[in-house]
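Trainee: coordinates for the following, if possible.
(chains A, B, C and D)
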Protein chains: 2
Amino acid sequence: MPNVLVVDDDHTVREVVVSYLRAGGHQVYEAGDGESALATLRDARADLVVLDLMLPGIDGLEVCRRLRETSDVPVIMLTALGEETDRVVGLKLGADDYVTKPFSPRELVLRVDSVLRRVGRGAEHDDVVTDGDLVVDSARHVATLAGERLSLTVREFDLLRFLVAHAGVAWSREELLREVWGWSFGDQSTVTVHVRRLREKVETDPTRPRRLVTVWGVGYRWEAS
Amino acid sequence: MPNVLVVDDDHTVREVVVSYLRAGGHQVYEAGDGESALATLRDARADLVVLDLMLPGIDGLEVCRRLRETSDVPVIMLTALGEETDRVVGLKLGADDYVTKPFSPRELVLRVDSVLRRVGRGAEHDDVVTDGDLVVDSARHVATLAGERLSLTVREFDLLRFLVAHAGVAWSREELLREVWGWSFGDQSTVTVHVRRLREKVETDPTRPRRLVTVWGVGYRWEAS
DNA sequence: GGCTCGCCGTCAGGATTCCGTAAGACGTGG
DNA sequence: CCACGTCTTACGGAATCCTGACGGCGAGCC
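Mentor: As a prediction, this is how the structure comes out:
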């Protein structure tokens, strides 16, 4: 079970994030400021850190910098909207990803899982899903079709991985928005367009999909071959 | 069969939601205010709660809070549009999902199924009804007859699933309108036409139905084979 | 910094599919 | 033979989906 440290001075935010991460099968530690965060990181093993940028005392950037001196634990930054410049700085300092407030807890959990998978400490062991001549390798972030490597974007990859992992099941656009995008609301046409783009790369005849099929009035389904 | 408790003070909303959930294969309880909701939850087992935020007496948030003291049953909140602040509070209190009014009943049912699936009590395993060589799989949204896949529309699929799930029972058009369509009124010929279309795809000789038979003066019945 | 490029989310138009209703033909029971 | 229920067909409107295009944003490269 991967260990995650959540650092945020807002008690409410922390509580929400922690409960969601626990529900997602993670061991979670908490910290309310930079100093206790660094202290916790000295004592306990952490596989990932969720770090708020704005902190009393030592701020998030400084925590990240000091952390990087001794460790390469992945960091996901929480930033308020409009802190454009800080975002760039944060990434330069070695943050692996960032989420802007306000965010949906589910989205954050998805990001956490994604980063952990990339690093190889994923919660799930079967990080490689296959269907016939299609192979989706989450750890290496590579998908191959009939031995040939597909050039997918991040979204397309996540969408493909989710659908293939649950082959045969029909999902509504709304469910996909929640499960793949991590949104609890949003324009469903986003899903439509991404499905279309994915079909262009996965289907032999995109106008007549045979694997990523649409279920009328419901959504989409991956047909196991 | 999963048990769902619906809590809303608006009688009309409750009726619609309940009928849709029943059509979706759920056992449904009702409550009109917070106190009776908590009372019901003490007595009966519930796998999920659909909870309106605005309630007379004890409001939804308070119900959710008290509920969380003793149970971890998943909660779907019904909120009016624009109650953004309550959203955070609700998440903190452990609501699993949100639906904003006005919503479509079908959407709500999808959310319910999704949450149940995530929690592991879902329809994914139990919601397959069969009758001889006919298999109706709700999660996959696939119906097969003698191994061959039927191409059914959503309405046809829902109708078929309901009838097969209650094989041997005769249903009037009015009952079917209520149970499958979720209407409390409407033109009964709607049912007639859909039955005909369904026969066209399910019966070997649609002019002489042997499985989806008509009970003269009453309605229709699925004959178990 | 300025530039280009790729990805993403949104939107509108058009095409497709589905749904509900009506209206007449047919069959059943009295 | 009549009244009523059921079947069949057809059609317009509605809902859904596909497609192409656009602007915004960040990344990478001068």
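
Trainee: centroid-nearest residue for chain A?
Mentor: Nearest to the geometric centre of chain A sits A:R111, at 2.2 Å (CA atoms, centre = their mean).

Trainee: now do the contacts for the spatially closest residue to it that is not a sequence neighbour.
Mentor: With CB to CB, 6 or more residues apart in numbering or on different chains as the criterion, A:R111 has its nearest non-adjacent residue at 5.5 Å, and that residue is A:D97. All C-beta atoms are positioned from the backbone trio N, CA, C, and that covers glycine. Residues near A:D97 by CB atoms under 8 Å, 6 or more residues apart in numbering or on different chains: A:P74, A:I76, A:M77, A:R111, A:S114, A:V115.

Trainee: out of the residues you listed, the closest to A:L163 would be?
Mentor: Nearest to A:L163 out of those is A:S114 (CB to CB; 16.0 Å).

Trainee: re the thing from before, which of the contacts of A:D97 lies closest to A:V180?
Mentor: A:S114 (10.6 Å).

Trainee: how near is the residue nearest to A:D47 when sequence neighbours are not counted to A:V13?
Mentor: Among residues not flanking A:D47 along the chain, A:P2 sits closest, at 4.3 Å (CB to CB, 6+ apart). Distance from A:P2 to A:V13, counting by CB to CB, to the nearest Å: 21 Å.

Trainee: picking that back up, from the contacts of A:D97, which land in helices?
Mentor: A:R111, A:S114, A:V115 (DSSP state H).

Trainee: which one of the residues you listed is nearest to chain B?
Mentor: A:R111 (17.0 Å; CB to the nearest CB).

Trainee: these two touch, right, A:V191 and A:R178?
Mentor: No: using CB atoms under 8 Å as the test, A:V191 is too far from A:R178 to be in contact (10.5 Å).

Trainee: phi and psi next, for the residue nearest to A:R111.
Mentor: With angles defined as degrees, to the nearest 10, A:D97 sits at phi -160, psi 170.

Trainee: tell me what it is bridged to.
Mentor: For A:D97, the beta-bridge partners are A:I76 (DSSP bridges).

Trainee: repeat that for A:W222.
Mentor: A:L212.

Trainee: and it, what does it touch?
Mentor: A:W222 neighbours (CB under 8 Å, 6+ apart): A:D131, A:L163, A:V164, A:H166, A:A167, A:G168, A:V169, A:R211, A:L212, A:V213.

Trainee: just give the number of residues close to the third one.
Mentor: By that I understand A:V164. 21 (other CB atoms under 10 Å in any protein chain shown).

Trainee: what about the helix or strand where it lies, near DNA strand D?
Mentor: A:V164 belongs to helix A:154-165 when assigned by DSSP states H and E. No: using CB under 7 Å from any atom of the strand, helix A:154-165 stays clear of DNA strand D, with a minimum separation of 11.2 Å.

Trainee: packing partners of that helix?
Mentor: Applying 3 or more CB pairs under 8 Å, 6 or more residues apart in numbering or on different chains; DSSP states H and E, we find helix A:154-165 packed against strand A:128-131, strand A:134-137, strand A:142-145, helix A:189-202, strand A:219-222.

Trainee: near DNA strand C too, which of the contacts of A:W222?
Mentor: Answer for the contacts of A:W222 near DNA strand C: none qualify (CB under 7 Å from any atom of the strand).

Trainee: which among these count as buried?
Mentor: Among those, those scoring as buried are A:D131, A:L163, A:V164, A:H166, A:A167, A:V169, A:R211, A:L212 (criterion: 16 or more other CB atoms under 10 Å in any protein chain shown).

Trainee: pLDDT score for the closest residue to A:T192 other than its chain neighbours?
Mentor: Leaving aside its sequence neighbours, A:T192 sits nearest to A:R173 (CB to CB, 6+ apart; 6.8 Å). pLDDT for A:R173: 95.

Trainee: can you check the one 4 residues further on too?
Mentor: A:L177 carries a pLDDT value of 93.

Trainee: from B:V63, how far out is it?
Mentor: Taking CB to CB, one finds A:L177 at 28 Å from B:V63.

Trainee: tell me which helix or strand the residue in chain A that DNA strand D sits nearest to sits in.
Mentor: Scanning chain A for proximity to DNA strand D using CB to the nearest atom of the strand identifies A:T214 as nearest, at 3.6 Å. A:T214 is part of strand A:212-215 when elements are defined by DSSP H and E.
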